[in-house]
Each structure stands twice: as C-alpha cells, then as structure tokens.
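Student: I need the structure of the sequence given here:
(4 chains)
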2 protein chains.
Amino acid sequence: MKEKTDRRVKYTKALLKEALVELLKERHISKISVTALCEAADVNRSTFYAHYTDQFDLLRQVEGEVIANLKSFLEQYVDDRMPITEQNLKGILEYAKSNADLFMVLLGENCDHAFHYDLMELVKLIPFQYNAKESQKEYLLTFAITGCISVLYKWLVEGRKETPEEMANLVLKVIYNGLLSF
Amino acid sequence: MKEKTDRRVKYTKALLKEALVELLKERHISKISVTALCEAADVNRSTFYAHYTDQFDLLRQVEGEVIANLKSFLEQYVDDRMPITEQNLKGILEYAKSNADLFMVLLGENCDHAFHYDLMELVKLIPFQYNAKESQKEYLLTFAITGCISVLYKWLVEGRKETPEEMANLVLKVIYNGLLSF
DNA sequence: ATTATAATAAACACATTGTTGGAATTCAAC
DNA sequence: GTTGAATTCCAACAATGTGTTTATTATAAT
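Tutor: Below is the predicted model:
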C-alpha cells in the first residue's frame, strides 16, 4: 500500500503541504498560485508539477490524508449496530483538537467545500438513533451533521475553551432533544 | 439611493449577472475568467472593468442583491419580541423557492462561503426561543441556523418536493424538540 | 438636436501557467 | 564506496488571462 520509499519525495511533499497550510491562513486557495506555493516551500516549480496538477490537487491530497486518518481512527470506535455515543463523538473532537490548525484551515473560508462534504460522509457512517418517515430521515441527518460540524468549527476557531467531553454532551443533547431541553 | 438612471448600465449588469449564474452551474467562481464571463455575456471586457474589479466582485454584488431583497422581505414579518414562527420561516422558504436557481448556485460548491455567512447573519435576526447558559447560546444558535440552511439547500437541490409549510414544520420541530421527537 | 455618458475595439506590459530537455543532485541497493 | 536509477533543479517556451489605456462608435437623457 504505502510505497513512499524515496525520502526526497516525502520531503518535497511535506514542504509543499506546510507551505499550503501557511498560505491558506491568509488567502483563498484560488488566490494561491503554484508559483507562490513553490516559492514559499522553496521547491522548484517543475518538481511541483511532477506530483500535482495544480494547487487544488495538492489541497485535495492533503484533505484526503486527514479524512483517511480520521476514518481509520473512527473504525476503532464505531460499531454498525450501536448508535452514536458521547464516547465516539468525543473521539472525533479530540482528534480535531490535536490537529486544530489543519482542521481550521480545511473547514475555513479559504478552502472549497470538499473537505466539509467528505467529513459529512464520514460522520454519516456513525449511526444515529431516531424514528422518522423515510422521506424525512435524510433531512434530519443532514441537519444534525451539518450543525454538528459547524459547532465543531466554531469551537476550534474560538480557542477550544470547552473540553471535548463538554462539547460532545452539548451537541448530542441538542441533536436528540432540541433547543427546548436547555 | 437608487440612481441606476442609465438603461445601458442596467442592461450590461443584467447580462453579466445572467452569464455568471450560468457559468457558476458548471464551474467554480475561481475558474471563471473575466474573459470567459464577457464572452458569455457578449460584453466588452473594458466594460466589465468599468463596473467590477474582478469576477469575485461581480459575485459579491449579486449576493448582496439577494441578501438585501431577503432582508427587506423579512423585515415585514419579523418582530423583535416574537420568536420565530412557522409563518416567517415559511416566508424564507417561499422566497428561496421563487429564486431557486440563484439560491442553489450561491449556496452551492461553486461559490465561496460569503453568501452562506451573510445568510446566517440574516437568519440570526430572527429570534429563537430557548434558555441556556450564555456560554452555550452561541453554539446552539450556530447549530440551529447551519442545520436549517443545509436542509434548505438540500430541499432546493432535490427539486422542492415538499411544500414550504412542510419544510418549515420539519425544521422547527427538529430545532426545538430534537431527533427523538420524530 | 445636442450633449453627456456608456460601450466597444485594439493594443500594451505583465504575471501565471503548463510543458520541455538537459544538467546536477541525491537516493537505495548492492 | 560505487553505480544505476530516480528526483530535483534550471532555463526557456508558447499560451492565456490580467488590468489599463486610448480613440472611436453608439446610445441615452434632456
């Protein structure tokens, strides 16, 4: 599977990834030219094109890494038959917290929606417990997951003052019991 | 306030707006060059630059229009002291429905997050009814509004099979009472 | 009908793009 | 260590888009 034998390739990609994240803190992905990226990473432009087609391609690959990590992380905790618990939601939050910089950038306004969608698809794998007409289920799931991610993002951006446990509690409570339960 | 005296300007802007929406159905705003835009609208590139600085500027102005319309639309129905009702949520949905093409594009993956944020700010003006610790309120509001918008978007994209009334019901129910109430 | 304003057309220097061929370097593997 | 292979660097290229300018044509307002 993993055949990143050559250290040079790994190093180049790491440099470019680092440069990308840094530049994404300041401007939108579409405003980051390949030239600027290579300058920031101190990598030759030809070398960039040997690995990626453009800046979006690089971004997608970085996103893919995060999603893959998170996925294998989740697979340890999620059981198909057990609905979501505070435990595995807390797990996601802890993972996000330990990769806060990356998550903030990828979920932020300087990236496209791809990571958000991928993250949604991932969270959909965690079963929720609810009874509703089949026609309503998709809407309810969308509602819950989107709300969940936006709260996660807000929590990250504003400095992670609450513990992952507190946040997991808050989110599960509002998902299952709504605003009136507060 | 409104001094769009010259019909030529109005016409040019209308052409460009139409062309923009059309192109946004196919590709991301960052991949739409001013040149392509002018070609599609059959407007001279110099003319474009007389009105806008770039394609993002045009997009922002189109977004601004929609937000302004929606705002004045909402001001008829929203009372500061009355919490959100099925009535005014239904109003938003009807407005979105009658501008479905535009809303889908602006909320879709080919635009930036600006419209989404503006829409959130707008919906925040509608009071929600809930009691929670001050520290939690912002999270809960974010959760509710983001979920709300994502459901609206899904409804639009999937052909608006439900009536605005049904959707307003669904959304208010899940916001206030949660998944378990279904 | 006159005047003002807007749109057009053509040209410009500049930046980024994506690709090339060859030289220099670094790696891995023996 | 030496060698063969892979990777990176460098310089150059045509192509495309950018943002601005100038003069000319067309249209609106009164």
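Student: where does the residue of chain A found nearest chain B land on pLDDT?
Tutor: Nearest residue of chain A to chain B, counting by Cβ to the nearest Cβ: residue A:30, 3.0 Å away. In this view, the C-beta of every residue, glycine as well, is placed from N, C-alpha and C. Per-residue pLDDT puts residue A:30 at 91.
Student: burial measure for the nearest residue to residue A:71 once chain neighbours are set aside, as a count.
Tutor: Leaving out its chain neighbours, the residue that sits closest to residue A:71 by Cβ to Cβ, 6 or more residues apart in numbering or on different chains is residue A:122, at 6.0 Å. By the measure other Cβ atoms under 10 Å in any protein chain shown, the count of residues near residue A:122 is 17.
Student: how about the worst-scoring helix or strand of chain A on mean pLDDT as PDB, C-alpha atoms only?
Tutor: Least confident helix or strand, chain A: helix A:86-98 with a mean of 88, by mean pLDDT, DSSP states H and E. What follows is helix A:86-98, C-alpha atoms only, in PDB (Å, rounded to 0.1, in the frame of the first residue of the first chain):
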ATOM      1  CA  GLU A  86     -20.700  10.500  23.700                       C
ATOM      2  CA  GLN A  87     -17.700   8.300  23.600                       C
ATOM      3  CA  ASN A  88     -17.000   8.300  19.800                       C
ATOM      4  CA  LEU A  89     -18.200  11.800  19.300                       C
ATOM      5  CA  LYS A  90     -15.700  12.800  21.900                       C
ATOM      6  CA  GLY A  91     -13.100  10.800  20.000                       C
ATOM      7  CA  ILE A  92     -13.700  12.900  16.800                       C
ATOM      8  CA  LEU A  93     -13.400  16.100  18.800                       C
ATOM      9  CA  GLU A  94     -10.200  15.000  20.400                       C
ATOM     10  CA  TYR A  95      -8.800  14.100  17.000                       C
ATOM     11  CA  ALA A  96      -9.800  17.500  15.600                       C
ATOM     12  CA  LYS A  97      -8.300  19.200  18.600                       C
ATOM     13  CA  SER A  98      -5.000  17.600  18.200                       C
END
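Student: And chain B, is it touching that?
Tutor: No - Helix A:86-98 does not reach chain B (Cβ under 8 Å from any Cβ of the partner chain); its nearest approach is 12.7 Å.
Student: buried sites along that helix?
Tutor: A:88, A:89, A:90, A:91, A:92, A:93, A:95, A:96, A:97 (16 or more other Cβ atoms under 10 Å in any protein chain shown).
Student: quick one: which of these is nearest residue A:34?
Tutor: Proximity of the buried residues of helix A:86-98 to residue A:34 (Cβ to Cβ) peaks at residue A:96, which lies at 29.2 Å.
Student: so that closest one sits right up against residue A:106, yeah?
Tutor: No - Residue A:96 is beyond contact range of residue A:106, at 10.3 Å (criterion: Cβ atoms under 8 Å).
Student: Next to DNA strand D, which bits of chain A? Give me the list.
Tutor: With Cβ under 7 Å from any atom of the strand as the criterion, chain A meets DNA strand D at residues A:6, A:8-9, A:11-12, A:42-47, A:50-51.
Student: just to revisit the earlier point, out of the buried residues of helix A:86-98, the closest to residue A:143 would be?
Tutor: Checking these against residue A:143 with Cβ to Cβ, the nearest one is residue A:89 at 16.1 Å.
Student: Could you find the closest non-adjacent residue to that closest one?
Tutor: residue A:168 (4.3 Å).
Student: so the one you found is in which element?
Tutor: Assigned by DSSP states H and E, residue A:168 falls within helix A:164-177.
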